[in-house]
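**Student:** Sequence and predicted structure are below.
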Amino acid sequence: MRQLQLLSLYAALALAHGGCHNSKEAGDGPLDALASEKCLSEPQIGPTGDNSNWQPQCNNGTCQNPHSHGWSHSQPCFKSTKTDETYCVFSDDNFAEGRGTSFVTTSTRAAHLASYPAFTEPETIKGTNQDLVRTIPAVYDMQEFPGKGMGLVAKKDIKRGDLIMANTVSLMIDYRVFEELPEDEWMELQASAVDYLPGPHKSVIMNLSTHDGGDLTHIQKVNKITTTNAFDIDPRADDAEQDNGFFVVFPEIARMNHDCRANADYYFDHNTLTQYIHAIRPIKEGEEITLSYINPRMKHEARKRKLERIWGFSCVCHLCTRKPARIAASDSRIQQIKEIAEDLQNQDGDSRANPQMAELFISLHEQEELWGMMYEAYTYAAQEYNGAGDPWTAIKYAQLAVEWGITAVGPLESNVVDMKKLAEDPWSHWSWMTRTRKKNGWGKKKPSEEED
C-alpha cells in the first residue's frame with residue numbers, strides 16, 4: 001500500500017561515510033500490487049538497436065552519445081567495480097520546456113526513462129513547472145521561519161485535496177552508483193549532473209540548505225545538498241531494475257519543512273516524472289505548509305531520534321511538544337494501529353479482523369491526524385465490509401478510499417484502482433464474502449471415507 005518516508009539506502013551509506021534526506025518506506029499497507037504498467041516502447045540504444053550487452057565507449061571519463069534520444073550530455077562515465085555496468089550522466093536541456101533534467105544511470109536505463117511520456121509526449125508536462133512561467137496563481141509564499149530556515153506559507157485558505165505544487169524531476173540518480181562506484185567517482189557524476197542543468201535551475205539547487213556550514217568544495221556542497229534534500233522513488237513496474245530505486249531531487253519541493261502531522265503529502269507519477277504535492281487537510285491562510293520527512297506511524301522517541309540523527313534537528317511540531325501524558329496516549333494509539341493492521345492484513349480464517357475492527361482503525365487514524373493514510377484505513381474498511389457481505393457499506397468506504405487516495409498516492413496507485421473496481425461491483429471483487437467463507441469453512445471439500 002502506501003510508500004512511507006524513512007531512511008533510504010543512500011542515507012545508510014551516507015551515514016556510514018559521514019551524511020541523507022527524505023524517502024518513503026513500504027508502509028503497513030495490506031495489499032500487494034494489483035496492477036502493473038506495460039512498457040510504452042522498447043529502448044533503442046546500440047548502433048544496431050540491440051542493447052542487451054552493449055555499453056557506451058568510454059575513455060578517461062568521456063563517453064560517446066549512447067542512443068537515439070537527443071541527450072545534451074552523456075558524460076562523464078565510470079565503470080562499475082562490481083559488475084559490467086557503466087554509469088554516466090545523461091542530461092537534457094530541453095526537457096520540460098527548457099527546465100532541464102539530469103540522470104545518473106546506465107545507458108540502458110536512461111533509454112528506458114526516455115521512453116516515458118514525459119519525453120515522448122512533452123505536452124503531458126506542459127505547464128507543470130509553474131516556477132518557470134506561472135499561469136496559475138501561487139497558493140504559497142516562501143519565507144524565513146525561526147529555527148527552521150526557509151519554508152512555505154499559505155497565501156490563502158487551501159482546501160483538502162487542492163494541488164499546492166508540482167515539479168518534474170531535476171536530478172535522478174540510480175542507487176547502484178553508491179554501491180558500485182568509489183565515492184570520488186559517484187560524487188563527480190552527481191556534481192556534473194547538477195552542473196549540466198540550465199543556469200536558473202542549477203542555481204535553485206545550489207541555494208538549498210546543507211543543514212550546516214563549513215568550507216566545502218563545489219563537489220562536497222552538491223553532495224551535502226542532495227543528501228539533505230532528496231526523495232526516494234521506486235522504479236516503474238516495467239523497469240527491469242525493480243530492486244534498485246532512484247535518489248531524486250526536486251528543489252522547490254525540498255523547501256517544505258517537516259511536521260510529524262503534516263498538512264500536505266506527495267506522490268510521484270512515473271509517466272510524467274513529476275512529484276505532486278496536495279493538501280491532505282484544510283490549510284489556513286498564513287499557516288506553514290509542511291511534509292513529513294519520516295513514517296508518521298512512529299512513536300515519539302523513535303521519531304525524535306531519527307530526525308536528530310539524519311537531519312540534525314529536534315522537532316517542535318504540536319505533536320512532539322505536547323505534555324507527557326498526551327505523548328504517551330499518542331504512542332499508545334500508534335501501537336494499537338500497528339497491531340490492528342496485522343489483523344486486517346491477515347486473510348487466513350483465524351484472523352480476528354471484522355468491520356468493527358476496521359471502524360476502530362479509521363477512528364485511530366482520525367485521532368492521530370494521520371490524514372495522508374486515511375485512504376488506507378478506508379480501504380481496509382471496504383474490504384472488511386465486503387468480506388462480511390455488506391456491499392453498500394463496502395461501496396461507501398471504497399469511494400472514500402478513492403477520494404482520499406487520489407491526492408495522497410495518486411489515481412494510478414494499485415490500491416486506488418482496486419477500490420474503484422470494488423465501488424463499481426463489490427459482488428465480483430476478490431474480497432466479496434471472503435471473511436465469511438473462510439471463517440465458516442465454505443468451499444472446502446470434506447474428505448470422503450475412501451480418501452481417509
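**Tutor:** Here it is on my side, so go on. Numbers count the residues shown, from 1 in each chain.

**Student:** Pretty sure residue 380 sits against residue 359.
**Tutor:** No: distance between residue 380 and residue 359: 9.8 Å, which falls outside the contact criterion (CB atoms under 8 Å). Bear in mind the C-beta positions are built from the backbone N, C-alpha and C, glycine included.

**Student:** Show me which of the two is the more surrounded one.
**Tutor:** Taking other CB atoms under 10 Å, residue 380 and residue 359 do not tie; residue 380 has more neighbours (27 against 17).

**Student:** check which helix or strand covers that one.
**Tutor:** For residue 380, the enclosing helix or strand under DSSP states H and E is helix 374-387.

**Student:** Can you get me a residue count around residue 326?
**Tutor:** 11.

**Student:** Can you give me every residue that contacts residue 346?
**Tutor:** Shown in contact with residue 346 (CB atoms under 8 Å, 6 or more residues apart in numbering): residue 353.

**Student:** contact partners of the helix ranked longest in the chain?
**Tutor:** Assignment by DSSP state H gives helix 324-345 as the longest helix of the chain. Contacts of helix 324-345 with the rest of the structure, by CB under 8 Å, 6+ apart, involve 28, 30, 297-300, 319-320, 322, 351-353, 357-358, 360-361, 364-365, 367-368, 370, 380, 383-384.

**Student:** got it, and stretch 174-191?
**Tutor:** Contacts of stretch 174-191 (CB under 8 Å, 6+ apart): 9-10, 13, 17, 61, 76, 78, 80-83, 85, 87-89, 103-106, 109, 171, 173, 218-220, 222-223, 226, 241, 244-247.

**Student:** now swap in stretch 80-93 and tell me
**Tutor:** 55-56, 58, 63, 66, 69-79, 100-107, 110, 119, 174, 176-177, 179-182, 186, 189, 192-193, 196-198.

**Student:** in a helix, that's where residue 404 is, yeah?
**Tutor:** Yes: residue state for residue 404 (DSSP: H, G, I helix; E, B strand; the rest coil) corresponds to a helix.

**Student:** so it makes contact with residue 375?
**Tutor:** Yes: in terms of CB under 8 Å, residue 404 counts as a neighbour of residue 375; the distance is 3.8 Å.

**Student:** More neighbours: which of these two?
**Tutor:** residue 375 (27 against 24).

**Student:** can you pull the contacts of the more buried one?
**Tutor:** With contacts defined as CB under 8 Å, 6+ apart, the neighbours of residue 375 are 2, 400, 401, 402, 403, 404, 405, 408, 409, 415, 416.

**Student:** Who wins on neighbours among the residues you listed?
**Tutor:** Sorting the contacts of residue 375 by how many neighbours each has (other CB under 10 Å) puts residue 401 first, at 28 neighbours.

**Student:** gap between that one and residue 413?
**Tutor:** 10 Å (CB to CB, to the nearest Å).

**Student:** and if you look at residue 158?
**Tutor:** 22 Å.

**Student:** Next: residue 431.
**Tutor:** Residue 431 sits 17 Å away from residue 413, going by CB to CB.

**Student:** Could I have the buried ones of the contacts of stretch 174-191 as PyMOL selection syntax?
**Tutor:** Typed into PyMOL, the line below selects the buried ones among the contacts of stretch 174-191, using 16 or more other CB atoms under 10 Å:
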select buried, resi 9+10+13+76+78+80+85+87+88+89+103+104+105+106+109+171+173+219+222+223+226+241+244+245+246+247
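
**Student:** now the angle from the helix holding residue 380 to helix 324-345?
**Tutor:** For helix 374-387 against helix 324-345, the angle by axes from the mean of the first three to the mean of the last three CA atoms, to 10 degrees is 40 degrees.

**Student:** so how far is helix 374-387 from its chain's centroid?
**Tutor:** 22 Å (CA atoms, centre = their mean, to the nearest Å).

**Student:** just stretch 88-97 next, same as before
**Tutor:** Worked out by CA atoms, centre = their mean, stretch 88-97 lies 22 Å from the chain centre.

**Student:** ok, so of the contacts of residue 375, who is nearest residue 147?
**Tutor:** For the contacts of residue 375, the minimum distance to residue 147 (CB to CB) is 28.6 Å, reached by residue 408.

**Student:** How much space separates the closest one from residue 296?
**Tutor:** With distances taken as CB to CB, residue 408 is found 12 Å from residue 296.

**Student:** Name the residues contacting each of the two.
**Tutor:** Contacts common to residue 408 and residue 296, judged by CB under 8 Å, 6+ apart, are 372, 373.

**Student:** measure stretch 292-311 end to end?
**Tutor:** Taking CA to CA, to the nearest Å, stretch 292-311 runs 12 Å from one end to the other.

**Student:** Give me the secondary structure label for residue 417.
**Tutor:** When classified by three-state DSSP, residue 417 comes out as helix.

**Student:** And it, how far from residue 406?
**Tutor:** Separation of residue 417 from residue 406 (CB to CB): 11 Å.

**Student:** Tell me which of those two has more neighbours.
**Tutor:** Neighbour count, other CB under 10 Å: between residue 417 and residue 406, residue 406 has more, with 18 against 15.

**Student:** Now do the same contact list for the closest residue to that one other than its chain neighbours.
**Tutor:** With sequence-adjacent residues excluded and distances taken as CB to CB, 6 or more residues apart in numbering, residue 406 is closest to residue 416, at 6.4 Å. Contact partners of residue 416, counting by CB under 8 Å, 6+ apart, are 375, 401, 402, 405, 406, 409, 410.

**Student:** switch to 7 Å and redo it
**Tutor:** 402, 405, 406, 409 (CB atoms under 7 Å, 6 or more residues apart in numbering).

**Student:** quick one: which of these is nearest to residue 260?
**Tutor:** For those, the nearest to residue 260 is residue 409 (19.4 Å; CB to CB).

**Student:** Now that closest one. Nearest residue, chain neighbours left out?
**Tutor:** Counting by CB to CB, 6+ apart, the residue nearest residue 409 is residue 267, at 5.0 Å.

**Student:** Residue 307 is in what secondary structure piece?
**Tutor:** Going by DSSP H and E, residue 307 is part of helix 300-310.

**Student:** Can you check what angle separates that helix from helix 324-345?
**Tutor:** 90 degrees.

**Student:** Show the average pLDDT along helix 300-310.
**Tutor:** Throughout helix 300-310, pLDDT has a mean value of 93.

**Student:** Show me what it is packed against.
**Tutor:** Packing partners of helix 300-310 (3 or more CB pairs under 7 Å, 6 or more residues apart in numbering; DSSP states H and E): helix 324-345.

**Student:** buried residues in the helix it packs on?
**Tutor:** Buried residues in helix 324-345, counted by 16+ other CB under 10 Å: 327, 330, 333, 334, 337, 340, 341, 344.

**Student:** Give me the distance from it to the chain's centre.
**Tutor:** In terms of CA atoms, centre = their mean, the centre of helix 324-345 is found 24 Å from the chain centre.

**Student:** What of stretch 382-391?
**Tutor:** Its chain's C-alpha centre and that of stretch 382-391 lie 30 Å apart, by CA atoms, centre = their mean.
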